[in-house]
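Participant: Any chance you can model this:
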Amino acid sequence: MIRKTILTLALIVATIVSTQAQTTGDWYVGTGDVANTAWTEWSVSPTIGYGVMDNLMVGASVSQADSTADMDIDFHARYFVKGYFAYLATDGLSTDGMTIGAGKMFTLRNNIYVDPKIVYNTGDKTTNLTLGFGFRF
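Facilitator: Numbering: from 1, shown residues only. Next up is the predicted model:
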């Protein structure tokens, strides 16, 4: 219920604000998915990305389920077309559980962004709505 409420509010806000072009040299620092995590299992998954060329951002995120689990590094790329993006992510260097999807990055204010997206995990064969946020500079 709470997850759906947060996602709904984010989508409403996202429809009100405008987007900016993704350009070479832009840095993105934020979170991975905050909408697809139970509040009792909430964790931070820091993400960093870099605009390697106009409309293409590549990045990585670090996650750790708890203090007994190993740290995971995931790699991702986004290709932007007319304000929307295609998304591809791998679990480390493995392509067994790739995540593919599409979404839209909305700049709210002072380079703060939210990026709702729909993703399909090829390993789990699941489809989810996800929501990330961060800063662009």
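Participant: Could you look up the next helix or strand downstream of the helix or strand of the chain with the lowest mean pLDDT?
Facilitator: Ranked by mean pLDDT, DSSP states H and E, the weakest helix or strand in the chain is helix 2-16, scoring a mean of 48. The helix or strand immediately downstream of helix 2-16 is strand 27-31, counting by DSSP states H and E.
Participant: which secondary structure elements does that next one contact?
Facilitator: strand 46-53, strand 126-136 (3 or more CB pairs under 8 Å, 6 or more residues apart in numbering; DSSP states H and E). (Each C-beta comes from the backbone N, C-alpha and C, glycine too.)
Participant: buried stuff in it?
Facilitator: 28, 30-31 (16 or more other CB atoms under 10 Å).
Participant: Relative to it, what are the paired strands and their orientations?
Facilitator: strand 46-53 (antiparallel), strand 126-136 (antiparallel) (DSSP bridges).
Participant: Least reliable of the ones you listed by average pLDDT, please.
Facilitator: Lowest mean pLDDT of the strands paired with strand 27-31: strand 126-136, a mean of 87.
Participant: what separates that one from the chain centre, distance-wise?
Facilitator: 4 Å (CA atoms, centre = their mean, to the nearest Å).
Participant: for it, which positions count as buried?
Facilitator: 129-134, 136.
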